[in-house]
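In: With the sequence up front, the predicted model follows.
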Amino acid sequence: MTVNLADLHDASMPELRRLGHEAGVATADTLRHGELVFAIARALGEREGVQYGGGVLEIHGEGFGFLRAIEASFLPGEADIYVSQSQIRRFRLQTGDTVIGVVRPPKEGERYTALLRVETVTGDPPGDGTPAFDRAAVLQPEERLVLGDGGGSDPLGALDVWAPLALGHRGLIVGGGRAASADLLHTVVERVTRNEDLLVTVLLVAAPPEDIAWWRANTRAEVVATPLDEPQGRHVQVVDIVVERARRMAEHGEDVVLVIESLPRVARAIASEVTASGRVVGGLDASVIQRIRRIFGASRVLAEGGSLTVLAAIPGDLTSTTDRALLDDLDDVTPWLVTLHTSGAEPGTPPIDVARSRCDHADRIGTPAERAARAAARKALTGQPDDLDRLVAAVRDARVAALDSSAPTGH
């Protein structure tokens, strides 16, 4: 069995798992698509006497770069692979490209393994002429990401009716405190990861180590995290690589969901590293706002590519100047917003404030029956804290059209 990376990237997950077992990859049933492709390539390469390496490219100002490991959350390490300036220029590589190729061990006096030959760039042959992310045509988000579990009393199923989430959305989960925000975000992640065709990445920045450990133990999503004791520059470095990688994946036709566990912590890390502009917007320097907008504004559906969905949380009670400034600035460019109550929810039930949650252009998402169901559901709401219960009851009692939890969630 020879290595053909292009064919491996094009294979479905069942086929890839079969090939992984044949190649002797012990973890074939647990690895994600890209990880399994790389594991198969390495296993087959060893049989042929060829060493394969890979990672996500970070380009330095001098023009050369390194392939960073996802397992290390893209932080620099001894296992990184050096990529020469000539290879970056020849194949027009960019920060965020996932590169797999033939490598050689370091020579005497060298510190890093070096990339000899590029085999694939984000799943495609090198130099395939993929349209640049910022210049590609953009479509309106219309393809629904199912959040409900199919149960009649599921609050997230009610969100499918009231505020449907779609591929390419920019979304915020606001308020409710750290615990409530994290619980809802985790549930959303778990519902979205039911679709193996989606690449779901959870980004935790300057996070407590116990939070990082909990996420890694309790989700099927890919977790990229920087602990709180890392220097601020490391936090910003990882954020930049994660966002650029998501953009590259969407360019190459993948559907990506990027979940940011705490947008205020990202903003604080950026504020400590960027040069202040001297202009303050609601308590945040304008240069910080611009960087946050670039992250959040990357969400879109590409006409000739994939999609990038960005979901971020602003937990807490919004008394923080940073939190309030972020929400005030992003509110009018956020089509999907879920607001949480600070108290009053039953244990295990997300404290969703339906009256203050929304989906812009919901009439463009889903079937005509689903759109009619949303219109009917609005009539039952009163703007009171029990609106979520009313909406859940309406779904359970079939007063609104049923939403199919097995609907496609990728394109």
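Out: Alright, I've got the coordinates.
In: which other residues reach stretch 29-41?
Out: By Cβ atoms under 8 Å, 6 or more residues apart in numbering, the residues outside stretch 29-41 that reach it are 3, 5, 8-9, 13, 16-17, 19-20, 23, 25, 27-28, 52, 54, 70, 98, 100, 119, 123, 196, 199, 222. C-beta here means a position set from N, CA and C on the backbone, and glycine is covered the same way.
In: can you rerun that using 6 Å?
Out: Contact with stretch 29-41 is made by 3, 5, 8-9, 16, 19-20, 23, 25, 52, 54, 100, as judged by Cβ atoms under 6 Å, 6 or more residues apart in numbering.
In: got it, and stretch 58-69?
Out: Contacts for stretch 58-69 (Cβ under 6 Å, 6+ apart): 55-57, 74, 79-81, 83-85, 88, 95, 99, 241.
In: ok, the closest residue to residue 193 other than its chain neighbours - how many residues close by?
Out: Among residues not flanking residue 193 along the chain, residue 220 sits closest, at 4.6 Å (Cβ to Cβ, 6 or more residues apart in numbering). Using other Cβ atoms under 10 Å, residue 220 has 14 other residues around it.
In: Helices of the stretch 51-200 of the chain, residue ranges please.
Out: 85-90, 155-162, 177-192 (DSSP state H, counting those that start in this stretch).
In: If we go by neighbour counts, what in the first one is buried?
Out: Right, the one you point to is helix 85-90. Neighbour counts using 16 or more other Cβ atoms under 10 Å place 87-88 of helix 85-90 among the buried residues.
In: can you check the longest one too?
Out: Using 16+ other Cβ under 10 Å as the burial criterion, the residues of helix 177-192 that qualify are 177, 180-192.
In: now swap in stretch 205-225 and tell me
Out: Residues of stretch 205-225 classed as buried by neighbour count (16+ other Cβ under 10 Å): 205-207, 211-212, 214-215, 219, 221-225.
In: quick revisit: of the contacts of stretch 58-69, which is the nearest to residue 111?
Out: Nearest to residue 111 out of the contacts of stretch 58-69 is residue 80 (Cβ to Cβ; 9.4 Å).
In: count of residues packed around the nearest residue to the closest one once chain neighbours are set aside?
Out: Nearest in space to residue 80, with sequence neighbours left out and distances taken as Cβ to Cβ, 6+ apart, is residue 66 at 4.3 Å. For residue 66, the count of nearby residues is 21 (other Cβ under 10 Å).
In: coming back round to it: grab the two from the contacts of stretch 29-41 that are most spread out in space.
Out: 19 and 54 (16.9 Å).
In: between those two, who's got more neighbours?
Out: residue 54 (24 against 20).
In: any idea how far the more buried one lies from residue 260?
Out: Residue 54 is 25 Å from residue 260, where distance means Cβ to Cβ, to the nearest Å.
In: Buried among the contacts of stretch 58-69? Make that a PyMOL selection.
Out: Burial among the contacts of stretch 58-69 is assessed by 16+ other Cβ under 10 Å; the matching PyMOL selection reads:
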select buried, resi 55+56+57+74+80+81+83+88+95+99+241
